[in-house]
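Chemist: All I have is the shape, not the residue letters:
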């Protein structure tokens, strides 16, 4: 529990669960503006779709990261299984991510990109 005094008034804030609340809020905002086409903007793949994919869906395999990279750094929001369950309630984000994952040019780039330096 965080307590602060601002302008003479005491404010308390419980930080437990803040990350989950933020993710739910953020994904809800994205879900609300995505169209039914499976694309973030218009009717074709855009940078917006790719950014959504990397935020919610991308995982790093052994061929894409250093051997000592912990699993939580390889998965979106530190857990692929939790993210998969979370996206079940955000069908538009999931559709956008799947469109990107299924794109042959994205697949080709992922196979050729090599080890990521982060």
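Modeler: Sure, I can see it. Being a predicted model, the structure only gives us computed values, none of them experimental. Numbering: from 1, shown residues only.

Chemist: which residue ranges form the helices in the protein?
Modeler: Along the chain, the stretches classed as helices by DSSP state H are 18-33, 47-56, 71-74, 80-87, 91-102, 104-112.

Chemist: in the third one, what counts as buried?
Modeler: By 16 or more other CB atoms under 10 Å, the buried positions in helix 71-74 come out as residue 74. All C-beta spots, glycine's among them, are computed from the backbone N, C-alpha and C.

Chemist: Nearest residue to the middle of this structure?
Modeler: residue 56 (2.2 Å; CA atoms, centre = their mean).

Chemist: For that one, give me its contacts.
Modeler: By CB atoms under 8 Å, 6 or more residues apart in numbering, the contact list for residue 56 reads 27, 76-77, 83, 87, 93, 97.

Chemist: How about residue 103?
Modeler: If you count contacts by CB under 8 Å, 6+ apart, residue 103 has them with residue 45.

Chemist: quick one: it from residue 109, how far?
Modeler: 9 Å (CB to CB, to the nearest Å).

Chemist: related to what we said a few turns ago, check the residue nearest to the centre of the chain and give its pLDDT.
Modeler: The model reports residue 56 with a pLDDT of 92.

Chemist: same question, the one 4 residues further on
Modeler: pLDDT recorded at residue 60 is 82.

Chemist: residues near it, how many?
Modeler: Using other CB atoms under 10 Å, residue 60 has 18 other residues around it.

Chemist: If you tally nearby residues, what's the number for residue 41?
Modeler: Neighbours around residue 41, by other CB under 10 Å: 14.

Chemist: That one and residue 87, how far apart?
Modeler: Taking CB to CB, one finds residue 41 at 20 Å from residue 87.

Chemist: try residue 38
Modeler: Taken as CB to CB, the span from residue 38 to residue 87 is 14 Å.
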